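got a sequence here, can you model it:
(2 chains)
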Amino acid sequence: MSKAEAIKQKAGRVGGAITQKARAILLWIKHRAGGILVSIVTVVLAFLMGGVVIAATQHGSFGTRIHNTLTAYNQILDGAGLNWFGHFFEHPCLGFIPCHLASTATSGVAQDFAAYNLSQTLLFATTLMLTGVAVAFAFRCGMFNIGVQGQYLVGLIVANWVGVAFAGMSTLPHILLAIGAAILGGALWAGIAGVLKATVGAHEVISTIMLNWIALWIASWLVSIYGPLLDPLTPWVPQTSEVAPSARIPAFWGIPDRSALDYGFFIAIGALIVYWLVMNRTTLGYEVRAVGLNPEAAAYGGINVKKNLIRAMAISGAFAGLAGAVDMLGYMHLTTQIDLPISQVGFLGIAVALLGRNTAVGIFFSALLFGGLLFGTTHGLQGVENPVIAPELAGQLTYVIVGLVVLFVSAPFLIRYVWNLHKKLRLSTDPPESASVTEAGG
Amino acid sequence: MSEHKADDDLVLEMRDIRKEFPGVVANDRVSFDVRRGEVHALLGENGAGKSTLMNILYGLYRPDAGEIWLNGKKVTFSSARDAIQAGIGMVHQHFMLIPVMTVAENVVLGIEPSRRLLLDEAVARRRVTDMAKTFNFAVDPDARVDEISVGQQQRVEIMKALYRNANVLILDEPTAVLTPQEASDLFEILRTLRREGISIIFISHKLNEVLDIADRITVLRRGKTIETVPREGASEKSLARAMVGRDVLLQVERKPAEPGRALLEVKDLHVRDDRGIEKVRGVSFEVHEGEIVGIAGVDGNGQTELIDALAGLQTVEHGKITIDGKNISRATPRQALDAGVGHIPEDRQRRGLVLDFTIAENIALHDYAKAPDAKWGWIFPGRMIARAKRLIDDFDVRGGGPSTPAGGLSGGNQQKLVAAREVDRDPKVLIAAQPTRGLDVGAIEYLHRRLVTERDAGRAILLVSLELDEILSLSDRILVMYEGQIVGEHTGDVSEEQIGLEMLGGREKSAA
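This next block holds a predicted model:
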């Protein structure tokens, strides 16, 4: 071989190594950064389209509509309590369009309002972090747990019962007992769907939806005027007794009787950390992920797939039950019959998990986002002067945005198409040699 | 151009074709031509650019640069439809036939002769029968496609192309799914087609069959044309060298086996598949330490179920499996692994690997819960990574480090990864199912050598392959499986024809 040939060959080898490296990097981006990017684009798109909805409900010139839309979003952010941090979002028009906001003064009263709003946003986020983790855990094992709502209700009721019936215990054991029982209740309720899937192959989507209704109607009966959980002091009102003070999770921010933010917030953050550790640092998480990504390979690897399906479903339900307990012991303390079917936190958990890409950090941020949106468009907006859209209507905006997020996330192709990501990343997923020859012949 | 005059027979010419995918030049100024009535083989490893080139010709990809000339006219195809209209036909590796329809219906599908909007079955039948006769296809036009053999299905695909007046026929790895007899039948048909003036592009990475059928051979390597040579004067050695870029040991060098005690014993095994059909019907054999036993057979004759039963992945209906004296007939996959079964599964992407897992996580697929990877249910990623690093070096896995997702590796490197994991567990019995399927010559050479090394290290190796060459070159003993039973056992020299015959149950000597 001549020297020139040898050099050429060497160059070829180096070139090959570089392209392989490039492929690996592209794949990494797709695995990590790509997901975050998709989530961010999803949110931006959803808010843009939500903005179109707001603009459509306004009157006046194009400029006025834009102005009103931005004002509405600004008011929602204020409603979510973000102005507590200062007035970053004071000028929604960002100087492009002259606008005259009714200035939210930085007086003490306004600051109190902001603090209250923010604490409520965090309270909502607390629940959503937990229901989000619940959905995510099942997702990671390849299952879609739509039953988080029902498991949440089980947790709510069980926590209330333990909180009421075991009055007289000392504080910490009582709280732990109530939380433990609610976790167990949620786990058992979800476990039914897991067992049905593993044994007779009943699809978890169907069975968990059914279980939601069963949970709702049982809970509804329990708190009805004929039910065993009825508050004996007011037997004509269909609601439960208040949990004993010993079982209440203490609050740390706000006025205790006005649903102040309680330590449940840190329980939720703790749950996210546990979730991350379990997924990434334990054999249990390894099994869950293996089954979720490729059940056949998992079985081949020696993993008991059926056991994992049941277990993952139960753990998912445990997080949902914990969410119910934290809500009940943290700020609700009792529930009424009419409140039960109104709650949507389990379903919102699906959006939270989807947007958060089933990662702990992602769930944290998307729970904050949805928590803020949920409160900012409803109660939070009531404190805002001259809202562009009435709170009764704005609440629907949350569900419009949630719906769009679910749509976009479950159809990532749409987002990738927008970014034209698929072209750049196509190579990493299907190299040219194995490219889909088979598709075109028919 | 003067050379044009000299080569009147040129039907197709692809000039300086270039196609780039992000990060990879799949075709780099590839030139290629086909004469009327010749079989032109396109030879190259996986990833050499054969399929890309053919997809360009068939209108599926557009070239970044270069020209295609067909019958002296420059053409551009923007879809497969254009290519078909220009007289190019392609038979893909995976057939695109409708199983519940008859041969004739499949052939005419899409351009059916019709009478008052209804399929004119009589005309369709007659045309297909005529064609079958002309080219000696030996296929019944009225048979349902799901009732005929794979070889016959392939002929239906060829008929489909011919029915659309193809005069250039592309065959993509046509023998991959065939038995030796079926392959030689196919070659007969190709010779007939050649006599009728049809040009055939024969894509392959098998040297012997290229030398058997091709008139000229073009070798591609890393997206470039290396050479175009006439068959005369070409040898397996020279072609392999052109394909890989270095000398390749085609024959595995191995000492005679020194079998020791029996490590795997199978007695009267019966296994049903997932649909409840009995696929293994009374199989008994032994594999000794330091011995490679090959199981030959056409796909679907119970090999898959046999392997799954050995690995604990399929319930044993009846019979007994022992590993070094330990009964594992009722074992779970975990128990089979612990008893000393190593298993390179036939489908590495679907079963052998979790493609979204990193290399390190895949290495740990069996032992993630054991020390040193884990203790008390707690995983130590650092230790997994350390092990992965060692195995990546030992087994020469290229294309990524411990934290690269396994899906990012090429097929050959994925297979090395699986092999590394299985061998590193120090199994008593190593089941290698189709260990080199879809791999290129270099990777095949490596894996074959490795299997022999592991044999010499005292493992009992059960090799199951649809590639008869592989079975013949590696096995110390050969078992032939047909319809769930062992129908032949050979030690020492045995001809390919003899085994091929047994693979078909001795029933079909050679189709007309």
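
number of nearby residues for the closest residue to chain A within the stretch 401-512 of chain B?
Among the residues of the stretch 401-512 of chain B, residue B:408 lies closest to chain A, at 4.3 Å counting by CB to the nearest CB. For the C-beta atoms, the positions are set from N, CA and C on the backbone; glycine is no exception. Residues near residue B:408, counting by other CB atoms under 10 Å in any protein chain shown, number 25.

contact residues of the stretch 251-400 of chain B facing chain A?
Residues of the stretch 251-400 of chain B lying near chain A by CB under 8 Å from any CB of the partner chain: B:311, B:313, B:332-334, B:337, B:343, B:345, B:350-357, B:361, B:364-366, B:368-369, B:374, B:377-379, B:381, B:398-400.

with only the CA atoms kept, save stretch A:229-236 in PDB.
Taking C-alpha atoms only, stretch A:229-236 is exported to PDB below (Å, rounded to 0.1, in the frame of the first residue of the first chain):
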ATOM      1  CA  LEU A 229     -69.000   9.600  56.900                       C
ATOM      2  CA  LEU A 230     -71.800  12.300  57.300                       C
ATOM      3  CA  ASP A 231     -71.000  15.000  59.800                       C
ATOM      4  CA  PRO A 232     -73.300  14.100  62.700                       C
ATOM      5  CA  LEU A 233     -73.400  17.700  63.800                       C
ATOM      6  CA  THR A 234     -75.100  18.800  60.600                       C
ATOM      7  CA  PRO A 235     -76.900  15.700  59.400                       C
ATOM      8  CA  TRP A 236     -78.900  17.700  56.900                       C
END
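
show me what it is in contact with.
For stretch A:229-236, contacts defined as CB atoms under 8 Å, 6 or more residues apart in numbering or on different chains pick out A:157, A:160-161, A:164, A:222-225, A:237-242, A:334.

and the residue lying closest to residue A:239 once chain neighbours are set aside, what does it touch?
Excluding its sequence neighbours, the residue lying closest to residue A:239 (CB to CB, 6 or more residues apart in numbering or on different chains) is residue A:336, at 3.9 Å. Counting by CB under 8 Å, 6+ apart, residue A:336 touches A:223, A:237-240.

what's the closest of those residues to chain B?
Looking at the contacts of residue A:336 and their distance to chain B, the nearest is residue A:240, at 38.3 Å (CB to the nearest CB).

for that closest one, list the residues it contacts.
Each residue near residue A:240 by CB under 8 Å, 6+ apart is listed here: A:160, A:164, A:222-223, A:229-231, A:334-336.

separation between residue A:45 and chain B?
According to CB to the nearest CB, to the nearest Å, residue A:45 stands 25 Å off from chain B.

surely that residue is within a strand?
No. Per DSSP: H, G, I helix; E, B strand; the rest coil, residue A:45 lies outside any strand segment and is helix.

right, and residue A:249 touches residue A:265 too?
No. Residue A:249 is not in contact with residue A:265 according to CB atoms under 8 Å; the separation is 9.5 Å.

my guess is residue B:236 contacts residue B:207. True?
Yes. When contacts are counted by CB under 8 Å, residue B:236 is listed as touching residue B:207 (4.4 Å).

related to what we said a few turns ago, out of the contacts of residue A:240, which end up buried?
Buried members of the contacts of residue A:240, counted by 16 or more other CB atoms under 10 Å in any protein chain shown: A:160, A:164, A:222-223, A:229-231, A:334-335.

can I get those residues in a markdown table with distance to residue B:19 and secondary structure?
Listed next are these as a markdown table, based on distance: CB to CB, whole Å; DSSP: H, G, I helix; E, B strand; the rest coil:
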| residue | distance to residue B:19 | secondary structure |
| --- | --- | --- |
| A:160 | 67 | helix |
| A:164 | 72 | helix |
| A:222 | 68 | helix |
| A:223 | 68 | coil |
| A:229 | 70 | coil |
| A:230 | 75 | strand |
| A:231 | 75 | coil |
| A:334 | 69 | coil |
| A:335 | 65 | coil |
